[in-house]
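Q: what would the 3D arrangement of this be:
(2 chains)
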2 protein chains.
Amino acid sequence: MDELKLAGANSCPLTPLGFLERAATVYGDCKSIIYNSITYNWSETHRRCLQLASSIQSLGIRKGDVVSVFAPNIPAMYELQFAVPMSGAVLNNINTRLDSRTISLLFRHCQSKLIFVDCQSSSLILKSISLFPSNSLRPILVLIEDDSAEIESPIPTHDFISTYEDLVKKGDPYFNWVRPITDFDPIVLNYTSGTTSSPKGVVHSHRGIFLMTVDSLIDWAVPKQPIYLWTLPMFHANGWCYPWGIAALGGVNICLRKFDAASIFDSINLHNVTHMCGAPVVLNMLSNGKPLRKPIHILTAGAPPPSAVLFRTEALGFVVSHGYGLTETAGLVVSCAWKAKWNRLPAEDRARMKARQGVGTLLSTAVDVVDPLTGKSVKRDGLTLGEVVIRGGSVMLGYFRDPIGTSKCMKDGWFYTGDVAVMEEDGYLSIKDRSKDVIISGGENISSVEVESVLYTIPAVNEAAVVARPDEFWGETPCAFVSLKEGMMMTEKEVVEYCRERMARFMVPKTVVFKEELPKTSTGKIQKFVLRDEARALSLGPRKKSNM
Amino acid sequence: MDELKLAGANSCPLTPLGFLERAATVYGDCKSIIYNSITYNWSETHRRCLQLASSIQSLGIRKGDVVSVFAPNIPAMYELQFAVPMSGAVLNNINTRLDSRTISLLFRHCQSKLIFVDCQSSSLILKSISLFPSNSLRPILVLIEDDSAEIESPIPTHDFISTYEDLVKKGDPYFNWVRPITDFDPIVLNYTSGTTSSPKGVVHSHRGIFLMTVDSLIDWAVPKQPIYLWTLPMFHANGWCYPWGIAALGGVNICLRKFDAASIFDSINLHNVTHMCGAPVVLNMLSNGKPLRKPIHILTAGAPPPSAVLFRTEALGFVVSHGYGLTETAGLVVSCAWKAKWNRLPAEDRARMKARQGVGTLLSTAVDVVDPLTGKSVKRDGLTLGEVVIRGGSVMLGYFRDPIGTSKCMKDGWFYTGDVAVMEEDGYLSIKDRSKDVIISGGENISSVEVESVLYTIPAVNEAAVVARPDEFWGETPCAFVSLKEGMMMTEKEVVEYCRERMARFMVPKTVVFKEELPKTSTGKIQKFVLRDEARALSLGPRKKSNM
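A: This is a model prediction of the structure:
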């Protein structure tokens, strides 16, 4: 059958951008976005994105140029997930919690030609641009105004070539958007949020994002026209591809500039939210709330959720699904596919089952846990640690301008995640740690996550993180950082004793440090490298002393 | 970003075959297939398919060879949808209602190396093989036995190299199944059932079938673990890809060797069926049944369903979805995406809306209705006839060994369907006819479907089909073939008068022929070419007479 040739009709590149066109036809007069007093329907969102894409092109942006966006989960942020790639450019969302130095570095690394800037961040972005070397080309800036946002100081509007709404107004609503030429044309460039090392620019293709979008809808079984609350930042791996997914289903996007437990529950009640995503820290935030009137589906990922948090959240009426993915996989590629028979288990066992990351999603070609030296699958015994490797259509094309970084993790047909896990007998995997989060004490590997999950069962504990503390005798010992719930008290000795009763002796933290709050990335991941530095300082302290 | 290269991890070919592996992990102990007294779970189905694939390879079948299957909707038929392509071969399902001469032609056209033969069809297949030219290579045959099937005469088992179950038993359950090397490796070869011309061999790629499978699940919003009743023959466009789709969701396949209204309702009650597919003729069959205890989702396609039939079926509790596709698109690429606001319409308007084919599905890149001469979109006025054209990942690679046929329908980046439709103002299309089913009477185009839909509103009418009858004066006139419901009576004059009150004069059938049953293909499509011959004969008749 080799004589059959590919034709335009059968091999047109896959892309998630067409979902918007279809939403305008099928759901044209249904709500697309709600934000404070602003409401759009899908016809309007479709038209606005086309106008915007046309204006971006008019600004001189060409196919393959990088366009950056620096904004929270506001309507403009949602629209730009479509409009930037529709103009032919590569979309680069920037984490809004970064400092000006890092932001400046990222802009220069990706050679951004145009930056959309939220009004609350104008001075930060202008500062990051001022850090450019004097001879370097500067990106043009567009200001996203927002009547409902508080502005600290007047915005120097002359630094901006246009406002966002002016671009929308001027644009052509019949713009013929720029389709990819191959499946593998780049569509987004996302810098990893960096719990560990310096940020890397992850490039994804139209095909990859298309597959992840579709996969996420099937895996979470999202029905048509969901009401979706945007707590997960869109700048974090494109909100795991749900901007495109919600368009595919004609859902409603409830946008929030910022949120806390109160504003989440307000939105839930006001808009009848049906679905939301969030890191375990969001679950933790919600778990002290009131029981829901109607069940809400919440999808969590980004860190192994402590069973205790899962349990409390579900008790309120949240239907928790749990998955695992990385910026490099564009979204969740492993999910804890739930089995009906597990519903008959006692609550604690249920929570333990749900805390496992699970199995490859439908569209992941293969997921395995392997010995990183031999590349062979580890035993399915739930004990042998190995590295999680992934093969699938949503794995990144590679790191931008970092061939060494790319080749280090893309080998033998696999993407090596750097995450450490065990494979259980039933084929479900459990992440035990980031490679560099494993604590090696007296030759024994300690999973920091395992120790943390015990700490989370202490009623007084709000947050917990365990890292390696250098030790002359043991090499490393586990050092726990703990924040307590308001009004709760506990001593180091009590924590250690609690742990002694519940884990192997070598795993028990030798040090417990109490903090008001643990340092976190904007997406709620605890920044272990900060704590690791602190633990190291603790060990250096006495040594310095003895040198004195 | 051109420096980023494709790697094994990110560009592995898309294929639906991996869904089975995942089903075994996630749904291993859940039921996969039920057929009379036989029940399998997903672990068993996975193991049996691997064993079978391994045995197929052991029989000497190599990558790219064609393996044919001739069977009704029994468990073996389901397993072979996986096992044949897992062996590396191209799967060719043959329509079981064809005659030995046609079957023989198809076997030779596709150069089938191996044929799986249902026990009830052994003499038919042996006869078709006996029609091979004496010097040609003959395929090897495998016999599918079935204790619950009645056999008319003893099977000459020496003509078969093995039985199906022996192949399963002998096979390797750890077989490393043959993965496609590119997205576009062929996976199936389906001969069109031919309501019009001679059968054509439609070749689909792994990517195409993967996309159609996923698209069909999202478009119909099939939940996890559906209970699916197999009324739609799997030999018809691979049961629109649901064999792979049901595995993706870990559902239950209720198999039926043959069916009528009574056996469908029995299965529904016995197994708590949740989903089924069927041509409008199946809906018609069900529409005289009893109200359902629980709603059942039924997806119909293959012909525009008459509003009256839709209405009666829904009144019983079937939730009818309606779509449109062709063998060449691997399944439904257009669907009547339902809008909530239509629920408020009067019942007749609702049925009229649902009878429209609709809009491109999520994964169809583009669907349009164009002037076949200029290629330009027709006016969105619901009146201007044009040809339906499609572009999307599930469009066939082409017709096997028919470059002229392929190039005729694949042009300018579109697949030309040969179906005639109008585009309505809201972007939904309505099929009016197959190109060759349009009746041209006195220069006026008459949509046979439009006349038929009026005939179906006559309470006494069971089935209706309208074709062109040659006419010396008018060129053609509409000729109606009608079957009446049991015990109902009607005259030609009454039918004509009924029509006169409800349509333009030139559209009213000039001839009405009553038949006990209309000739149909195995998939329930009325064979208009048979009726067209009959209508032609009617016109020749009188002329002959006058020559006498």
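Q: for the closest residue to chain B within the stretch 351-500 of chain A, which residues are in contact?
A: Residue of the stretch 351-500 of chain A nearest chain B, by Cβ to the nearest Cβ: A:Gly413 (3.0 Å). For every residue, glycine as well, the C-beta is placed using N, CA and C. Listed by Cβ atoms under 8 Å, 6 or more residues apart in numbering or on different chains, the contact set of A:Gly413 reads A:Arg391, B:Ala7, B:Gly8, B:Ala9, B:Cys12.
Q: which among these gets closest to A:Pro295?
A: Closest approach between the contacts of A:Gly413 and A:Pro295, by Cβ to Cβ: A:Arg391, at 34.8 Å.
Q: picking that back up, top of the contacts of A:Gly413 by neighbour count?
A: Most neighbours among those, by other Cβ atoms under 10 Å in any protein chain shown: B:Ala9, with 26 neighbours.
Q: just give the nearest non-adjacent residue to A:Ile103, would you?
A: A:Ser128 (4.0 Å; Cβ to Cβ, 6 or more residues apart in numbering or on different chains).
Q: re earlier: can I get the contacts of A:Gly413 in JSON lines with pLDDT?
A: As requested, the contacts of A:Gly413 are exported to JSON lines (pLDDT from 0 to 100):
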{"residue": "A:Arg391", "pLDDT": "96"}
{"residue": "B:Ala7", "pLDDT": "88"}
{"residue": "B:Gly8", "pLDDT": "89"}
{"residue": "B:Ala9", "pLDDT": "94"}
{"residue": "B:Cys12", "pLDDT": "94"}
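Q: circling back to that earlier point, next, work out how far apart the residue nearest to A:Ile103 and chain B are.
A: To chain B, A:Ser128 is 23 Å away according to Cβ to the nearest Cβ, to the nearest Å.
Q: what about that residue, how many neighbours?
A: By other Cβ under 10 Å, neighbour count at A:Ser128 equals 24.
Q: okay but it is in contact with A:Ile94, surely?
A: No - A:Ser128 is not in contact with A:Ile94 according to Cβ atoms under 8 Å; the separation is 9.4 Å.
Q: now the common contact residues for those two.
A: In contact with both A:Ser128 and A:Ile94: A:Ile103, A:Phe107, using Cβ under 8 Å, 6+ apart.
Q: the stretch 101-250 of chain A against chain B: which residues are in contact?
A: Residues of the stretch 101-250 of chain A lying near chain B by Cβ under 8 Å from any Cβ of the partner chain: A:183-184, A:186, A:189, A:203, A:205, A:208, A:211, A:214, A:217-218, A:221, A:223-225, A:248.
Q: go through the residues you listed and say which is closest to A:Asn272.
A: Within these, proximity to A:Asn272 (Cβ to Cβ) peaks at A:Gln225, which comes in at 11.5 Å.
Q: so what does that closest one have for phi and psi?
A: phi 50, psi 50 (degrees, to the nearest 10).
Q: give me every residue that touches it.
A: By Cβ under 8 Å, 6+ apart, A:Gln225 lies in contact with A:Tyr27, A:Cys30, A:Leu249, A:Gly250, A:Gly251, A:Val252, B:Ala340.
Q: next one: A:Leu383
A: A:Val422 are the contacts of A:Leu383 under Cβ under 8 Å, 6+ apart.
Q: cool, and A:Gln51?
A: Per Cβ under 8 Å, 6+ apart, neighbours of A:Gln51: A:Leu167, A:Val168, A:Lys169, A:Lys170, A:Gly171, A:Asp172, A:Pro173, A:Phe175.
Q: quick one: strands adjacent to the helix or strand containing A:Val422?
A: A:Val422 belongs to strand A:414-423 when assigned by DSSP states H and E. Partner strands and pairing direction for strand A:414-423 (DSSP bridges) are strand A:386-392 (antiparallel), strand A:410-411 (antiparallel), strand A:429-434 (antiparallel).
Q: can you flag the buried ones in the contacts of A:Gln51?
A: Among the contacts of A:Gln51, those classed as buried by neighbour count (16 or more other Cβ atoms under 10 Å in any protein chain shown) are A:Leu167, A:Val168, A:Gly171, A:Phe175.
Q: just the ones in helices from these, please.
A: Under the assignment DSSP state H, those contribute A:Leu167, A:Val168 to helices.
Q: nearest to A:Cys479, of the buried ones among the contacts of A:Gln51?
A: Nearest to A:Cys479 among the buried ones among the contacts of A:Gln51, counting by Cβ to Cβ, is A:Leu167 at 50.7 Å.
Q: how close does the nearest residue in space to that closest one that is not next to it in sequence sit to A:Val320?
A: In space, and not counting its chain neighbours, A:Leu167 is closest to A:Ser55: 3.9 Å by Cβ to Cβ, 6+ apart. To A:Val320, A:Ser55 is 41 Å away according to Cβ to Cβ, to the nearest Å.
Q: what does A:Asn10 give?
A: Taking Cβ to Cβ, one finds A:Asn10 at 41 Å from A:Val320.
Q: more neighbours: these two, which one.
A: More crowded of A:Asn10 and A:Val320, by other Cβ under 10 Å: A:Asn10, with 28 against 22.
Q: quick check: chain neighbours aside, which residue is closest to that one?
A: In this structure, A:Asn10 finds its nearest non-sequential neighbour in B:Val395, 4.0 Å apart by Cβ to Cβ, 6+ apart.
Q: likewise for A:Ile38?
A: Closest to A:Ile38 by Cβ to Cβ, 6+ apart is A:Pro75, at 6.1 Å.
Q: also A:Asp381?
A: The shortest distance from A:Asp381 to any non-neighbouring residue, by Cβ to Cβ, 6+ apart, is to A:Glu425 (6.9 Å).
Q: okay but that neighbour is in contact with A:Arg380, surely?
A: Yes - under the criterion of Cβ under 8 Å, A:Glu425 makes contact with A:Arg380 at 5.1 Å.
Q: could I get the contacting residues of whichever residue of the stretch 201-350 of chain A sits closest to chain B?
A: In the stretch 201-350 of chain A, no residue comes nearer to chain B than A:Ala337, which is 4.4 Å away by Cβ to the nearest Cβ. By Cβ under 8 Å, 6+ apart, the contact set of A:Ala337 is A:Asp219, A:Gly358, A:Val359, B:Val26.
Q: looking at those, which are in helices?
A: Counted as lying in helices by DSSP H, out of these, are A:Asp219, B:Val26.
Q: dihedrals phi and psi, the closest residue to chain B within the stretch 51-200 of chain A?
A: The minimum distance from the stretch 51-200 of chain A to chain B, using Cβ to the nearest Cβ, falls at A:Pro186 (4.7 Å). When read as degrees, to the nearest 10, the backbone of A:Pro186 gives phi -70, psi 140.
Q: wait, it sits on A:Val90?
A: Yes - counting by Cβ under 8 Å, A:Pro186 touches A:Val90, with 5.0 Å between them.
Q: joint contacts of the two?
A: With Cβ under 8 Å, 6+ apart, A:Pro186 and A:Val90 have common neighbours A:Gly64, A:Val203, B:Met1.
Q: out of these, who's nearest B:Phe235?
A: A:Val203 (43.5 Å).
Q: number of nearby residues for the closest residue to A:Ser121 other than its chain neighbours?
A: Leaving aside its sequence neighbours, A:Ser121 sits nearest to A:Phe70 (Cβ to Cβ, 6+ apart; 5.5 Å). Neighbourhood size, A:Phe70 [other Cβ under 10 Å]: 27.
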